[in-house]
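one predicted model, sequence on top.
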Amino acid sequence: MKLTDTNYYSQEANESYLSASGVKAFRDCEAAYMATIQGLCEPKEQTTAMLVGSYVDCRLLEPAKYPAFREEHRDAIHKRGGFKRADFERADQMVDAVKRQEYVMKLLEGESQAILTGDIQGVPFKSKLDVLNRDTMTLVDLKTTADVNSKTWSAKHSRKVGFIDAWDYWTQMYIYLDLCGRNDIEIKSCYIVAVDKKSPPAVRVYDMSDTVSLKDAQRRLQTTIQRFANVKDGATPSRCGDCEYCRETELIDAPMTYTANGWNW
């Protein structure tokens with residue numbers, strides 16, 4: 001299947017290819033992810049936060065497509081009367097904050113939304129790179145976040161972490177770099193450009209070339225891919241027990257054991 005802008009997010013594409021977002025969804029709940037790509041349940045609806053991210057991406061990376069994007073999402077972006085909703089007024093401030101940074105805008109020059117595919121450990125992967133500059137051998141991912149300086153508790157890390165670790169963007173960057181290599185694209189520098197939703201918005205550029213973090217992401221990805229392949233081959237996908245899919249499809253066939261320390265399944 002050849003991927004294009006039109007079919008990249010289609011049911012067929014999601015069933016044919018794993019992606020960075022797919023890896024995260026599979027890790028969150030194997031059963032829900034497999035049901036989604038098999039068409040057994042509806043994909044999660046796009047949240048306002050996700051739409052704001054797409055809005056900022058479109059305005060900064062593909063401004064020619066912005067009028068069509070705005071029209072497609074008119075009801076979500078605009079209130080009755082034509083005024084923009086608060087989230088998108090803030091999104092415009094985020095765009096302006098990035099545009100004020102000459103260094104950042106230079107980083108965002110290159111091919112936008114470049115689609116790459118390739119096999120990693122025998123599993124087909126797809127990716128859509130925000131900015132790929134083949135001349136400077138630079139890869140850039142544009143992110144929106146609530147607060148570039150905030151930290152949240154991570155059970156995986158047993159400590160508070162910033163948004164890059166909280167959302168495991170190291171795995172995403174490793175996948176991008178791996179697919180670039182498989183497509184004979186040399187990358188010397190990779191960055192995350194982040195803009196937050198505070199007032200006024202803060203802009204940051206993060207160098208994502210740390211080899212220790214990327215090696216750790218590679219190791220964890222190998223484990224996930226092997227598990228995904230096993231499930232595709234017939235192993236029973238595990239259930240998280242707490243997502244919408246698990247709550248909707250749960251069938252009780254035995255009581256839980258409850259003690260002073262809580263319950264056991």
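That came in fine, so what should we check first? Numbering: from 1, shown residues only.

worst-scoring helix or strand of the protein, pLDDT-wise?
Lowest mean confidence among the helices and strands of the chain (mean pLDDT, DSSP states H and E): strand 262-264, at a mean of 61.

what are the boundaries of the strands in the stretch 101-250 of the chain?
Per DSSP state E, counting those that start in this stretch, the stretch 101-250 of the chain carries strands over the ranges 111-120, 123-133, 138-145, 152-154, 159-161, 189-196, 203-207.

dump those into a markdown table; add mean neighbour count and distance to residue 77 as well.
C-beta coordinates here come from the backbone N, C-alpha and C atoms, glycine included. Putting the strands of the stretch 101-250 of the chain into a markdown table (neighbours: other Cβ atoms under 10 Å; distance: least, Cβ to Cβ, whole Å) gives the following:
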| stretch | mean neighbour count | distance to residue 77 |
| --- | --- | --- |
| strand 111-120 | 17 | 20 |
| strand 123-133 | 20 | 21 |
| strand 138-145 | 21 | 15 |
| strand 152-154 | 12 | 28 |
| strand 159-161 | 13 | 32 |
| strand 189-196 | 21 | 18 |
| strand 203-207 | 15 | 22 |
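
nearest to residue 10, out of the ones you listed?
strand 123-133 (11.0 Å; Cβ to Cβ).

packing partners for the closest one?
helix 48-61, strand 111-120, strand 138-145, helix 169-182, helix 211-232 (3 or more Cβ pairs under 8 Å, 6 or more residues apart in numbering; DSSP states H and E).

in CSV, list the C-alpha atoms belonging to it.
Provided in CSV are the C-alpha atoms of strand 123-133 (Å, rounded to 0.1, in the frame of the first residue of the first chain):
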residue,chain,number,x,y,z
VAL,A,123,7.1,-5.1,11.0
PRO,A,124,6.0,-2.4,8.5
PHE,A,125,6.2,1.1,10.0
LYS,A,126,4.9,4.5,8.7
SER,A,127,5.9,8.0,9.8
LYS,A,128,5.0,11.5,8.9
LEU,A,129,7.9,13.9,9.7
ASP,A,130,7.0,17.5,10.5
VAL,A,131,10.2,18.9,8.9
LEU,A,132,12.8,17.0,6.9
ASN,A,133,15.6,19.1,5.6
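
what does it contact?
Residues external to strand 123-133 that are found in contact with it (Cβ atoms under 8 Å, 6 or more residues apart in numbering): 3, 8, 13, 16-20, 57, 61, 107-119, 138-142, 175-176, 178-180, 185, 225, 228-229.

quick one: low-confidence parts of the chain?
Applying pLDDT under 70 to the chain flags residues 262-265.

identify the residues contacting residue 200.
Contacts of residue 200 (Cβ under 8 Å, 6+ apart): 93, 97.

circling back to that earlier point, go through the strands of the stretch 101-250 of the chain and name the closest to residue 91.
Residue 91 sits nearest to strand 138-145 of all the strands of the stretch 101-250 of the chain, at 7.9 Å, using Cβ to Cβ.
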